[in-house]
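K.L.:
All I have is the shape, not the residue letters:
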């Protein structure tokens, strides 16, 4: 996706240039230039994003700023066109439209900055300057993805509750942990031990899971574990970022599924 701030700035520059060209060299009126350029800008932008929809908030900010830019050009160029035929009192820039345009331009620009920060976070240099030093890196972005979405549909939520009841009745005991302290950039072995309620090992199970990055789903890591001895399963992992991770682990055997949810922390090197 094209950087939002760059696309906003590029669009505004092109709109201003198109209005000025039609007004000064095309001989069009300021109102006609503003209307035509605004229509073209909206049409072109929607045609570019319709196949890869970036989100309603991003589209709304682009359209609002593009329309405001064309509207401002129409007002300014209209006054320029009247300056030679009317008095200065009638052609000077009135504070009302200027204040209105400035408010909405500022609002759109601030919202655009917030969206970019939510998607990408602060740059490392700015993050170090604004945020105090911590043992683990601080991330300032959150694109909105959530890992636990059973409540989206009642049927899925009811299935989840039924699965949890069967799991409690089954009584499997799952011990989990790292064999060594997990550090960013270094592989570590993740181990689980699965036993029945009576302490017998659960063998020949299919175990797979995902480590979920709360702030960035693009870093989610899927894995499958292999059995090394009766009821003991291992996997070597190297997660791509330091900090907190959520774990969703599934232990499947025959028609039975045991689900574990937990959190872990990857240390900075």
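P.N.:
Sure, I can see it. These numbers come from a predicted model, not from an experiment.

K.L.:
Which of the residues in the host helix or strand of residue 8 are classified as buried?
P.N.:
In this assignment (DSSP states H and E), residue 8 forms part of helix 4-20. Using 16 or more other CB atoms under 10 Å as the test for burial, helix 4-20 gives 4, 7, 8, 11, 12, 14, 15, 16, 18, 19, 20. Glycine gets a C-beta too; all of them are placed from N, C-alpha and C.

K.L.:
quick one: the third one and residue 65 touch, right?
P.N.:
Yes - using CB atoms under 8 Å as the test, residue 8 is close enough to residue 65 to be in contact (5.7 Å).

K.L.:
residues shared between the contacts of the two?
P.N.:
Listed as contacting both residue 8 and residue 65 by CB atoms under 8 Å, 6 or more residues apart in numbering are 108, 109, 112.

K.L.:
Let me know how buried the closest residue in space to residue 163 that isn't next to it in sequence is, in neighbour terms.
P.N.:
Setting aside the residues directly before and after it, residue 163 is nearest to residue 257 in space (CB to CB, 6 or more residues apart in numbering), at 6.5 Å. Counted with other CB atoms under 10 Å, the neighbours of residue 257 add up to 15.

K.L.:
outside of the helix or strand containing residue 193, which residues touch it?
P.N.:
Using DSSP H and E, residue 193 maps to strand 188-195. Contacts to strand 188-195, defined as CB under 8 Å, 6+ apart, come from residues 172-182, 201-202, 205, 207, 223, 225, 231-238, 249, 251, 258.

K.L.:
Apply 6 Å and report the result again.
P.N.:
173-176, 178-180, 182, 201-202, 231-237, 251 (CB atoms under 6 Å, 6 or more residues apart in numbering).

K.L.:
In strands, which of those residues fall?
P.N.:
Under the assignment DSSP state E, those contribute 173, 174, 175, 176, 178, 232, 233, 234, 235, 236, 237, 251 to strands.

K.L.:
separation between the last one and residue 163?
P.N.:
When you say that, I think you mean residue 251. Distance of residue 251 to residue 163, computed by CB to CB, to the nearest Å: 12 Å.

K.L.:
can you check the first one too?
P.N.:
From residue 173 over to residue 163 the distance is 17 Å, taken as CB to CB.
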